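Student: Got a sequence here, can you model it:
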Amino acid sequence: MSGLQEILIIVLIVMAIIFLPRISGRGSGTSSRKALLTISGWLRLAIVVTVIWLIGWAAYLRPWNGEMLSFTLVGLVPVILGWGALWIIAGFRKKQGV
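Tutor: Residues are numbered from 1 along each chain as shown. Predicted coordinates:
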């Protein structure tokens, strides 16, 4: 049962990140819609693969049953390293004007 609660908490956090700026009145929401429309196909694919990766390893390792270290090493670390590398590369490209 605690695994279900953890998943629901993660879903709530993601929903808060998406909808809180709209509720708080920062902008009319059109900028977030434009940002959503300007996301490239590769970035959308990366997001979907990330979610599937995390859900797949969570279902396989069941970190709520005591396999948290294995899940962290196999599930979370590659995601953090991958997105971190993407963030760093994007920063260098933006600085160079590419």
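Student: what bits of this protein have low per-residue confidence?
Tutor: In the predicted model of the chain, residues 1-2, 4, 21-37, 97-98 satisfy pLDDT under 70.
Student: Could you list the buried residues of stretch 53-60?
Tutor: 53-54, 57-58 (16 or more other CB atoms under 10 Å). The C-beta positions use only the backbone N, C-alpha and C, and glycine is treated the same way.
Student: Also stretch 76-93?
Tutor: Those would be Leu76, for stretch 76-93 by 16+ other CB under 10 Å.
Student: what does it contact?
Tutor: Outside stretch 76-93, the residues that touch it by CB atoms under 8 Å, 6 or more residues apart in numbering are 46, 50, 53-54.
Student: Just the ones of the buried residues of stretch 53-60 in helices?
Tutor: Mapping the buried residues of stretch 53-60 onto helices (DSSP state H) picks out 53-54, 57-58.
Student: which among those residues gets closest to Gly41?
Tutor: Distance to Gly41 across those (CB to CB) is lowest for Trp53, with 18.2 Å.
Student: residues in contact with the closest one?
Tutor: 75, 78-79.
Student: Which of the residues you listed fall within strands?
Tutor: Of the contacts of Trp53, none are assigned to strands by DSSP state E.
Student: Next, format the ones in helices among the buried residues of stretch 53-60 as TSV and append distance to Ser70.
Tutor: Formatted as TSV, these follow (distance: CB to CB, whole Å):
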residue	distance to Ser70
Trp53	14
Leu54	13
Trp57	9
Ala58	11
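Student: quick one: which of these is nearest to Glu6?
Tutor: Nearest to Glu6 among these is Ala58, at 9.0 Å by CB to CB.
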